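S.K.: heads up, no residue letters with this:
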């Protein structure tokens, strides 16, 4: 049976070729993050369905629309930081669709 094509590590700016996911160095770094348990929630089928629902309901970045632009929303952002709170994480009213630029800006500020 043939192997899957190699791809680069999922960590941004890492050029190591792997079969899937992250290279050994970044796999360890991911496991050592303080919020590793909460980050697992993002890989559940429930989150994926909720994310799809948000992006279907809000196909355009809300921040860009305020600026007079129409840019597709590709990330789902928690408007109020959940800090590992299960109920806030899954609260549909706490989610909004944003473009990559605005989502990165919010998360970079710890929002």
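M.R.: Arrived safely, thanks for sending. Note that the structure is predicted; figures quoted are calculated from it, not measured.
S.K.: is the closest residue to residue 62 other than its chain neighbours in a helix, a strand, or coil?
M.R.: For residue 62, ignoring the flanking residues on the chain, the nearest one in space by CB to CB, 6 or more residues apart in numbering is residue 96 at 5.5 Å. C-betas here are computed from N, CA, C, even on glycine. Using DSSP: H, G, I helix; E, B strand; the rest coil, the structure places residue 96 in strand.
S.K.: report how many residues lie close to residue 96.
M.R.: 20 (other CB atoms under 10 Å).
S.K.: residues in contact with it?
M.R.: By CB atoms under 8 Å, 6 or more residues apart in numbering, the contact set of residue 96 is 54, 58, 62, 73, 76-77, 79.
S.K.: quick one: distance of the lengthiest helix in the chain to the chain centre.
M.R.: Across the chain, the helix with the greatest residue count (assigned by DSSP state H) is helix 45-57. Taking CA atoms, centre = their mean, to the nearest Å, one finds the center of helix 45-57 at 12 Å from the center of the full chain.
S.K.: report the buried residues of that helix.
M.R.: For helix 45-57, burial by neighbour count (16 or more other CB atoms under 10 Å) applies to 50, 54-55.
S.K.: about what we covered before: how much space between the residue nearest to residue 62 and residue 74?
M.R.: According to CB to CB, to the nearest Å, residue 96 stands 12 Å off from residue 74.
S.K.: which of the contacts of residue 96 fall in strands?
M.R.: With strands taken from DSSP state E, the overlap with these comprises 76-77.
S.K.: just the buried residues from the contacts of residue 96, in ChimeraX please.
M.R.: To isolate the buried ones among the contacts of residue 96 in ChimeraX, judged by 16+ other CB under 10 Å, type:
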select :54,58,73,76,77
